[in-house]
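> 3D model of this:
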Amino acid sequence: MRDDYIKDALKIIPDPNMLINVVSRRVKQLRRGNRPLVESLEKLSAEDTALREISEGKISYEVSEA
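Okay, here's the model as predicted:
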């Protein structure tokens, strides 16, 4: 994973544990065949694609109160 993508995504989801969970779930979706929500001229890994989607505001998340 690229450090610059991680830093940008942490600006949107500041909790590292939450970021890992959101990225993990999105990576699973991408590997099952879901289309990326961002376009790239370079070939990105599923992890980098998920991080870019988060940093560009394409992915949202919700914290449930337990």
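> So the nearest residue to Pro36 once chain neighbours are set aside, which state does it fall into?
Distances taken as CB to CB, 6 or more residues apart in numbering place Thr49 nearest to Pro36, at 4.9 Å, with adjacent residues excluded. Bear in mind the C-beta positions are built from the backbone N, C-alpha and C, glycine included. Using DSSP: H, G, I helix; E, B strand; the rest coil, the secondary structure recorded for Thr49 is helix.
> Okay, Thr49 and Val38: tell me how far apart.
7 Å (CB to CB, to the nearest Å).
> Which of the two has more residues huddled nearby?
Counted by other CB atoms under 10 Å, Thr49 and Val38 do not tie: Thr49 has more neighbours, with 20 against 16.
> so what's the residue nearest to Pro36 up against?
The contact partners of Thr49, taken as CB atoms under 8 Å, 6 or more residues apart in numbering, are 26, 30, 36, 38, 40.
> Would you map the helices across this protein?
For the chain, the helices defined by DSSP state H cover 3-12, 16-31, 46-55.
> Could you report the neighbour count for the nearest residue to Arg2 once chain neighbours are set aside?
In this structure, Arg2 finds its nearest non-sequential neighbour in Asp48, 5.6 Å apart by CB to CB, 6+ apart. Neighbour count of Asp48, defined by other CB under 10 Å: 20.
> Return the residues in contact with Asp48.
1-2, 5.
> which residue lies farthest from the center of this protein?
Ala66 (23.9 Å; CA atoms, centre = their mean).
> I'd like the distance between that one and Lys7.
Relative to Lys7, and taking CB to CB, Ala66 is found at 29 Å.
> Kindly report the same for Val23.
14 Å.
> Among the two, which residue is more densely surrounded?
The residue with more neighbours, out of Val23 and Lys7, is Val23; 24 against 11, by other CB under 10 Å.
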